[in-house]
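Visitor: okay, predicted coordinates and the sequence, questions at the end:
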Amino acid sequence: MKPRFMIVIVIILALAVPAMMLAQGGRAEKEKEVRAVIDEFQKAVLKGGVEAAATLDKYNADDFTLIQVNGAVQTKAGKLGFRRWISLMSKCVSMGTRQWLPALRST
Amino acid sequence: MKPRFVITVLVILALAAPVQMLAQGSKAEKEVRAALEEFRQANLKGGAEGAAILEKSLADDYTRILTNGAVSGKAQSLDNLRAGKTRYESFEYSDLKIRIYGNTAVVTAVVKTIGTTYGMATSPTGVRWTQILVKRNGKWQPVLTQTTRLAS
């Protein structure tokens, strides 16, 4: 085998191995990030309530889709609609019935 | 350089970029639709012939989550097809939604089949079907399929 050919092979290997290691490292880093998001998601779901809903709003993409156990599809927009409804109902209770009808109309 | 010319070039560039992005999006969606059709046809064909098609098209790390929550891989999926445990007389997609995120596609649909999956009769109401595909070496490959039985 020619020495020149050997040198080329050695250079290719010397460059390829760190590149592969970097790629694998990048993949591990991405997996770590994804695991962190899943962890955050799990904590928020366990916590429940308004704070949890805020966390989920932050983490879920705008086109987030949830397929429920009965096969029904729920989107983030649908969830937000539900949250607005809950928030409105809370407002109505605190305002009293005289004021809640105009509030409902203005929403 | 004349300012008018610069403005014209800027306007063309500003318009061209979104148009190009849209075109790429629709191209990817077309490719994903083709991959979904190949998946459907292979399942309809079934047996060794269908398995041979899926052998090439499914990713090696393909995962399938059945309606009962059982998880299987590519080898098991193909074995079931070859053995006739997975066999369909009809396989139809409806309510198909395709979302492309770079080289990843998320597909949701309602799939109605008549036949058997892993030896179990398919749901007459159909399933909510999710498939994730990844573009590798210029080809969209299913990496995951998950099914949820639709309530009747």
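Guide: Nice, I can see it.

Visitor: who does the helix or strand hosting A:Val34 touch, helix- and strand-wise?
Guide: Using DSSP states H and E, A:Val34 maps to helix A:3-47. On a contact count with 3 or more Cβ pairs under 8 Å, 6 or more residues apart in numbering or on different chains; DSSP states H and E, helix A:3-47 meets helix A:49-59. The C-beta positions use only the backbone N, C-alpha and C, and glycine is treated the same way.

Visitor: tell me the helix or strand right after the helix it packs on.
Guide: Counting by DSSP H and E, the next helix or strand C-terminal to helix A:49-59 is strand A:65-67.

Visitor: which positions within that following strand qualify as buried?
Guide: Neighbour counts over strand A:65-67 (16 or more other Cβ atoms under 10 Å in any protein chain shown) mark A:Thr65, A:Ile67 as buried.

Visitor: what's the first helix or strand after that strand?
Guide: Next helix or strand after strand A:65-67 toward the C-terminus (DSSP H and E): strand A:73-75.

Visitor: quick one: name the residues of chain B near chain A.
Guide: With Cβ under 8 Å from any Cβ of the partner chain as the criterion, chain B comes near chain A at residues B:Arg99, B:Thr108, B:Val110, B:Val127, B:Arg128, B:Thr130, B:Thr148, B:Arg149, B:Leu150, B:Ala151.

Visitor: among these, find the lowest-pLDDT one for me.
Guide: When those are compared by pLDDT, B:Ala151 scores lowest at 88.

Visitor: residue ranges with poor pLDDT in chain A?
Guide: Within chain A, the stretches with pLDDT under 70 are A:1, A:23-24, A:79-107.

Visitor: try it again with 80
Guide: In the predicted model, chain A carries pLDDT under 80 at residues A:1-2, A:13, A:15-25, A:77-107.

Visitor: same question, chain B
Guide: Within chain B, the stretches with pLDDT under 80 are B:1-3, B:5-25, B:152.

Visitor: how much space separates B:Ile12 from chain A?
Guide: 30 Å (Cβ to the nearest Cβ, to the nearest Å).

Visitor: also B:Arg40?
Guide: Distance from B:Arg40 to chain A, by Cβ to the nearest Cβ: 19 Å.

Visitor: how far out from the middle of the chain is the helix holding A:Val34?
Guide: Average the C-alpha atoms of helix A:3-47, do the same for its chain, and the two points are 22 Å apart (Cα atoms, centre = their mean, to the nearest Å).

Visitor: equivalent analysis for stretch B:139-146, please.
Guide: Between the centre of stretch B:139-146 and the centre of its host chain there is 6 Å, according to Cα atoms, centre = their mean.

Visitor: alright, calling it a day.
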